[in-house]
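A.B. asks: next come a sequence and a model predicted from it.
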Amino acid sequence: FGPLRTQFLGLVLTAGSIVLLSAMQAPASIVAAVILMSIFAGSLHPSNAAALAAVSPPSLHVRVFGLRRLSMNLGMSIGPAVGGLLVTYSYQWLFFIEASVCFMAAVLLQVLFRHPQHLNSKERNPTENQPIPSPSPYRDSAFLVLVILTTLLVTVLCQLFGAYPLTLT
């Protein structure tokens with residue numbers, strides 16, 4: 001599907017699911033909307049890493065991924081403060097500003113990467129014309145266990161950032 005399309009769709013669908021979540025009232029519908037939003041938002045991280053690896057030379061990967069981590073930490077430190085400020089006005093503001101930021105990021109991604117030739121693996125390696133067949137991840141039991149454990153970990157972690165602060169208020 002490609003890292004740029006995955007990021008674009010992830011951002012647009014995250015924005016839509018945030019707006020959907022803002023309208024939910026019943027606990028079951030809130031759970032369903034949060035699960036959808038988490039899946040869409042979670043798709044951004046691996047596709048962003050793949051895109052960064054594709055556009056940067058291997059000699060700069062340590063710096064590129066360090067800068068990526070720094071920017072993520074900066075967002076995680078500023079985001080709660082901005083969210084707290086928005087909540088003092090209205091919870092609706094929190095949802096709609098977050099959805100707007102996701103949508104603007106999707107538009108910015110489309111504008112900045114209109115011609116993503118540098119992400120095409122065939123152009124990066126012209127000597128390699130045939131793709132290397134990869135085994136199915138569904139047959140790799142160690143990978144599947146890792147996916148299940150990571151899903152459980154992220155589920156608990158998302159509660160720390162989402163439900164726990166609401167419980168405290």
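C.D. replies: Cool, got the structure.
A.B. asks: state which helix of the chain is the longest.
C.D. replies: Ranked by residue count, the top helix of the chain under DSSP state H comes out as helix 61-89.
A.B. asks: could you find the closest non-adjacent residue to the most centrally placed residue in the chain?
C.D. replies: Most central in the chain under CA atoms, centre = their mean is Leu44, positioned 2.7 Å from the mean C-alpha point. Counting by CB to CB, 6 or more residues apart in numbering, Leu44 lies nearest to Gly10, which is 4.6 Å off, once chain neighbours are set aside. Just so you know, the C-beta spots here come from the backbone N, C-alpha and C atoms, and that holds for glycine as well.
A.B. asks: for the strand or helix carrying that neighbour, which positions count as buried?
C.D. replies: Using DSSP states H and E, Gly10 sits within helix 3-23. Buried residues in helix 3-23, counted by 16 or more other CB atoms under 10 Å: 3-4, 6-22.
A.B. asks: what's downstream of it, the next helix or strand?
C.D. replies: Criterion used, DSSP H and E; the element after helix 3-23 is helix 27-42.
A.B. asks: show residues contacting that next one.
C.D. replies: 9-10, 13-14, 17-18, 20-21, 24, 154, 158, 162 (CB atoms under 8 Å, 6 or more residues apart in numbering).
A.B. asks: distance from it to the middle of the chain?
C.D. replies: 13 Å (CA atoms, centre = their mean, to the nearest Å).
A.B. asks: buried residues in it?
C.D. replies: 33-34, 36-38, 40-41.
A.B. asks: residues in contact with Leu11?
C.D. replies: Residues in contact with Leu11 (CB under 8 Å, 6+ apart) are 44, 102-103, 105-106, 109.
A.B. asks: can you say which of these are buried?
C.D. replies: Applying 16+ other CB under 10 Å to the contacts of Leu11 flags 44, 102-103, 105-106, 109 as buried.
A.B. asks: kindly present the residues you listed as a markdown table, with separate columns for distance to Arg63 and pLDDT.
C.D. replies: As requested, these are arranged in a markdown table below (distance: CB to CB, whole Å; pLDDT from 0 to 100):
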| residue | distance to Arg63 | pLDDT |
| --- | --- | --- |
| Leu44 | 21 | 88 |
| Cys102 | 27 | 91 |
| Phe103 | 30 | 94 |
| Ala105 | 22 | 91 |
| Ala106 | 26 | 92 |
| Leu109 | 21 | 89 |
